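Trainee: Turn this into a structure:
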Amino acid sequence: MKAKDIFSDYADELKTVEQQLMGIFSSNVFLIPMIGKHILSSGGKRMRPLFLLLSADLCGYKETNRTVLAAIIEAIHTASLLHDDVIDGADTRRGRPTAHALWGNQVVILVGDYLYSKSLKLAVAQRKQKIMEALSEATTRMTEGEILQLHKTGDPEITREEYFEIIAAKTGVLISAACRIGAILADQPEEREMALARFGMKAGIAFQLADDVLDYVARQQDLGKKLGKDLEEGKITMPLIYLLKRAAPDEREEIRQIVKTRGEGREDSLNRILELFSKYHAIDESLKAAQSLVDEAKAELDLFPASVKKEELLALAEYAMQRKE
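Mentor: Predicted coordinates:
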């Protein structure tokens, strides 16, 4: 089963999610829908909403309000991207100018705040305390993760545990919440709700880890941004953490200097890092770690009986390892 076929099967419902998402940007303050239109026209896979819809289907929940919650999940993700781009000073996303590059930091930060608050307001209207718990926990940890990542920027001493804490907060918690909400909507037992939450967390961490690898190895035109951007921004991700552990002492010191200067003399620095990645198999080892997480995520769904929807969720978790962009 291929992920593209699953996205295709849910195309109509994801279109409804898209309309709901545009509705979240609705406001009499014209800049908000204007920025919303810019962001939504930039594309995006809508993977997080699909995790929610599939989880709801796995648990037998078919009511139409699941698209509202899928849109809320994507709106929270979008808000985090708006803030990330400001923090990172990113000029492009998905090959197009970022919102802050067009409208400035102040406006975009406030639009991100608007999205967070509007999303939670819509979630309250669902009148399910557990949904609010899942979303408030996710948004709190996302902010904590962003702060920790800032604190660790340019720090070659970052540990593997700290890195995993960052990517769990950055990507895992929201996918975890999406999967958990699918079970909550269907009033599933706690055991199933938490199994889906753990599945989403591990699948999300694997997705982010694979994304961090792509930053070094994807084709630039597929990635929609220049290669080695994490190095330029001082973000130490799994391939570098592995390399720092395995490299010889003189190479380790060389890597530390490149990290501290954020790849100054960019092309030469990036090429040197890629050369060392190849020498120590850092990319392969990082992908092995991601695949291990995917396998752990899939095992979390063992308590669900075999079904087409279960197979689709498992295939979506594998999608992390199949991406080229």
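Trainee: ok, Glu13 touching Leu54?
Mentor: No - applying CB atoms under 8 Å as the test, Glu13 and Leu54 come out as separate, 10.4 Å apart. All C-beta atoms are positioned from the backbone trio N, CA, C, and that covers glycine.
Trainee: got the residue ranges for the strands in the chain?
Mentor: Assigned by DSSP state E, the chain shows strands spanning 92-93, 96-97.
Trainee: most packed of the ones you listed?
Mentor: For these, average neighbour numbers computed from mean count of other CB atoms under 10 Å are highest in strand 92-93, which has a mean of 18.
Trainee: If I look at Arg323, what pLDDT would I see?
Mentor: Arg323 is assigned 69 on the pLDDT scale.
Trainee: quick revisit: Glu13 and Leu54: which has the busier surroundings?
Mentor: Leu54 (24 against 17; other CB atoms under 10 Å).
Trainee: any shared contact partners between Glu13 and Leu54?
Mentor: Counting by CB atoms under 8 Å, 6 or more residues apart in numbering, Glu13 and Leu54 have no common neighbour.
Trainee: do you know which of the strands of the chain lies nearest Glu312?
Mentor: Closest to Glu312 of the strands of the chain, according to CB to CB: strand 92-93, at 28.1 Å.
Trainee: Give the partner strands of that closest one in its sheet and their orientations.
Mentor: Counting by DSSP bridges, the strands paired with strand 92-93 are strand 96-97 (antiparallel).
Trainee: how about the nearest residue to Phe25, chain neighbours excluded?
Mentor: Gly36 (2.8 Å; CB to CB, 6 or more residues apart in numbering).
Trainee: wait, what's in contact with the one you found?
Mentor: 21-22, 24-25, 111.
Trainee: Filter the residues you listed down to the ones in helices?
Mentor: Of those, the ones assigned to helices by DSSP state H are 21-22, 24, 111.
Trainee: Select only the buried ones of these in PyMOL?
Mentor: To isolate the buried members of the ones in helices among the contacts of Gly36 in PyMOL, using 16 or more other CB atoms under 10 Å:
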select buried, resi 21+24+111
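Trainee: of the ones in helices among the contacts of Gly36, closest to Gln149?
Mentor: Val111 (21.5 Å).
Trainee: Could you identify the longest helix within this protein?
Mentor: helix 190-217.
Trainee: And that helix, what's buried?
Mentor: Buried residues in helix 190-217 (16+ other CB under 10 Å): 192-193, 195-216.
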